[in-house]
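Novice: the sequence isn't on hand, but the structure is:
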């Protein structure tokens, strides 16, 4: 008697294939899921939201011709970039894939897969770059530290923090690598395949050959082309809210050696024009229509101070540095570091040495790095010897040696600029500027 297979046994191979296919669909769908809080920059289907721009080419355009220079690259961009099975593919040539959007503080993730002997990179805020290497000896670039692996801030000054990755984290060719990049101001942290390779390092501004100006406050992302095929997928970004950015930038005061000098309740440890200030919502606030200098009872020589501040429209105050306890901090102290709403129309024609963060009347600060008026800013100031460094929201806006200053606003001398120690405090100018979370670390001399 011939055995007649059951319907179930006949269908079993087909059911297996169907289940396998369904599993594949589920996996692929999971791979392309956008994490909570993120948005996709690549839609897996076409080049919408992207255009071609090799910034090294565009930078050479004549003044006012930037848009024309970018427009001229679009035909070549479409010839060398394509979409295959949800992957953004470049053949190794053509202008860089560039986001139409610009970004400030962000968390950015993507995956890439490239080929032997190729190298590439990711430009942040239009600036090179988070490096992608062929890390093998056969790649032929160990003389450029390719053996250290991908993920470093390749264009930082040699020896600077972040220029080389902390560890080798690349996968073998043919496998997908994953980047997670967190950028707060100029401070950049990079994870490659879940290993930290750059730890909160300042990414230098390649376009400023002196390396004195910080990265732009905002800019596009470029995916570099560099001679070998590279594929990208799962490109996602999350704008980091201000409160989170400030908290991440600050980190743990105690672990970093900082001690609080304001208890959030009263003026214990402070002296000076106490009657002209108040404590409100855990912050020191200059009373509107009042001013004067509020300063610590203790004096400091070399120190770093962390402070958060909030400006009202047109707000004006200052940080008194090595203040002797009398006179105007802008002249009698080592300096007054400006705390100012740079966007106010009434300040449009100030001396450059009067804008926010400036060493008053002596050294101008880089502008454009304040949060919007009414939001909390995070600032860290380091005073060591005759040098002052001001880092605002993750970007260094002043790094100067005041002993070398020979030109002053209005040709007015600053007799206190060479003081070796003094009080820290605030120089009120009638506006309700708020200060909170004030902590100091004494530095060895």
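Specialist: Done, it's in. This is a predicted model, so every value here is computed, not measured.
Novice: which stretches in the stretch 101-250 of the chain count as helices?
Specialist: Per DSSP state H, counting those that start in this stretch, the stretch 101-250 of the chain carries helices over the ranges 242-250.
Novice: sorry, slip of the keys, the one I care about is the stretch 251-400 of the chain.
Specialist: 329-332.
Novice: hey, where'd the strands end up in it?
Specialist: 259-260, 270-272, 277-280, 283-286, 291-300, 303-310, 316-323, 335-340, 376-384, 387-392, 395-401 (DSSP state E, counting those that start in this stretch).
Novice: sort out which residues of the second one are buried, please.
Specialist: Buried residues in strand 270-272, counted by 16 or more other CB atoms under 10 Å: 270, 272. Any C-beta I mention is one placed from the backbone N, CA and C, and that applies to glycine too.
Novice: please report how far residue 133 lies from residue 55.
Specialist: According to CB to CB, to the nearest Å, residue 133 stands 20 Å off from residue 55.
Novice: comparing the two, which residue is more hemmed in?
Specialist: Counted by other CB atoms under 10 Å, residue 133 and residue 55 do not tie: residue 133 has more neighbours, with 26 against 22.
Novice: doesn't residue 141 make contact with that one?
Specialist: Yes. Using CB atoms under 8 Å, residue 133 is in contact with residue 141, at 6.7 Å.
Novice: intersection of neighbour lists for the two?
Specialist: residue 119 (CB atoms under 8 Å, 6 or more residues apart in numbering).
Novice: looking at the strands of the stretch 251-400 of the chain, which is nearest to residue 153?
Specialist: Closest to residue 153 of these is strand 395-401 (CB to CB; 14.8 Å).
Novice: that closest one pairs with which strands, and in what direction?
Specialist: Note on strand 395-401: by DSSP bridges, its sheet partners are strand 387-392 (antiparallel).
Novice: now do the partner strand against strand 316-323, angle only.
Specialist: Per axes from the mean of the first three to the mean of the last three CA atoms, to 10 degrees, the angle that strand 387-392 makes with strand 316-323 is 150 degrees.
Novice: which outside residues touch strand 387-392?
Specialist: For strand 387-392, using CB under 8 Å, 6+ apart, the contacting residues are 185, 321, 334-335, 337, 356-357, 359, 363, 365, 369-370, 377-382, 396-402.
Novice: switch to 6 Å and redo it
Specialist: When contacts are defined by CB atoms under 6 Å, 6 or more residues apart in numbering, strand 387-392 is touched by residues 357, 359, 369, 379, 380, 381, 382, 397, 398, 399, 400, 401.
Novice: may I see the buried residues of that strand?
Specialist: Using 16+ other CB under 10 Å as the test for burial, strand 387-392 gives 388, 390, 391, 392.
Novice: repeat for stretch 346-357
Specialist: Within stretch 346-357, the residues that count as buried by 16+ other CB under 10 Å are 350, 353, 354, 355, 356, 357.
Novice: endpoints of that stretch, how far apart?
Specialist: 18 Å (CA to CA, to the nearest Å).
Novice: how far is it from where the chain is centred?
Specialist: Once both centres are worked out by CA atoms, centre = their mean, to the nearest Å, stretch 346-357 turns out to sit 24 Å from its chain's centre.
Novice: state the pLDDT value of residue 226.
Specialist: pLDDT, residue 226: 89.
Novice: so it is in contact with residue 121, correct?
Specialist: No. Contact between residue 226 and residue 121 fails when scored by CB atoms under 6 Å: they sit 7.2 Å apart.
Novice: who's residue 52 bridged to?
Specialist: For residue 52, the beta-bridge partners under DSSP bridges are residue 97.
Novice: around it, how many other residues sit close by?
Specialist: Neighbour count for residue 52, taken as other CB under 10 Å: 25.
Novice: what's near enough to touch it?
Specialist: 73, 74, 77, 95.
Novice: which one of the contacts of strand 387-392 is nearest residue 265?
Specialist: Nearest to residue 265 among the contacts of strand 387-392, counting by CB to CB, is residue 379 at 22.5 Å.
Novice: and the gap between the closest one and residue 350?
Specialist: Residue 379 sits 19 Å away from residue 350, going by CB to CB.
Novice: could you do residue 312 as well?
Specialist: Counting by CB to CB - residue 312 and residue 350 are separated by 18 Å.
Novice: ok, residue 85 next?
Specialist: Distance from residue 85 to residue 350, counting by CB to CB: 56 Å.
Novice: repeat that for residue 426.
Specialist: To residue 350, residue 426 is 20 Å away according to CB to CB.
Novice: same thing with residue 260?
Specialist: According to CB to CB, residue 260 stands 33 Å off from residue 350.
Novice: cool, residue 76 as well?
Specialist: With CB to CB as the criterion, residue 76 and residue 350 are 45 Å apart.
Novice: please apply the same query to residue 277.
Specialist: Taking CB to CB, one finds residue 277 at 25 Å from residue 350.
Novice: buried residues, stretch 122-142. List them.
Specialist: The neighbour-count check on stretch 122-142 (16+ other CB under 10 Å) flags 122-136, 139 as buried.
Novice: repeat for stretch 164-182
Specialist: Across stretch 164-182, burial judged by 16+ other CB under 10 Å covers 164, 165, 166, 169, 170, 177, 178, 179, 180, 181, 182.
Novice: domain assignment for this structure?
Specialist: Segmentation of the chain into domains, based on automatic domain parsing, reads 32-240, 247-442.
Novice: related to what we said a few turns ago, which ones among the buried residues of stretch 122-142 map onto strands?
Specialist: In strands, defined here by DSSP state E, the members of those are 122, 123, 124, 127, 128, 129, 130, 131, 132.
Novice: farthest pair in those?
Specialist: 127 and 132 (15.6 Å).
Novice: low-confidence stretches in the protein?
Specialist: 1-32 (pLDDT under 70).
Novice: now do 90
Specialist: Within the chain, the stretches with pLDDT under 90 are 1-33, 118, 173-174, 209-211, 226-227, 445.
Novice: how close does residue 89 get to residue 115?
Specialist: Per CB to CB, residue 89 is found 12 Å from residue 115.
Novice: how about residue 156?
Specialist: Here residue 156 is placed at a distance of 26 Å from residue 115 (CB to CB).
Novice: neighbour count winner among the two?
Specialist: Neighbours per residue (other CB under 10 Å) separate residue 156 from residue 115, with residue 156 holding more: 22 against 14.
Novice: what's near enough to touch that one?
Specialist: Taking CB under 6 Å, 6+ apart, one finds 162, 163, 204 in contact with residue 156.
Novice: from the residues you listed, which single one is nearest residue 35?
Specialist: Closest approach to residue 35 among those (CB to CB): residue 162, at 24.8 Å.
Novice: excluding chain neighbours, what is closest to the closest one?
Specialist: In this structure, residue 162 finds its nearest non-sequential neighbour in residue 201, 2.7 Å apart by CB to CB, 6 or more residues apart in numbering.
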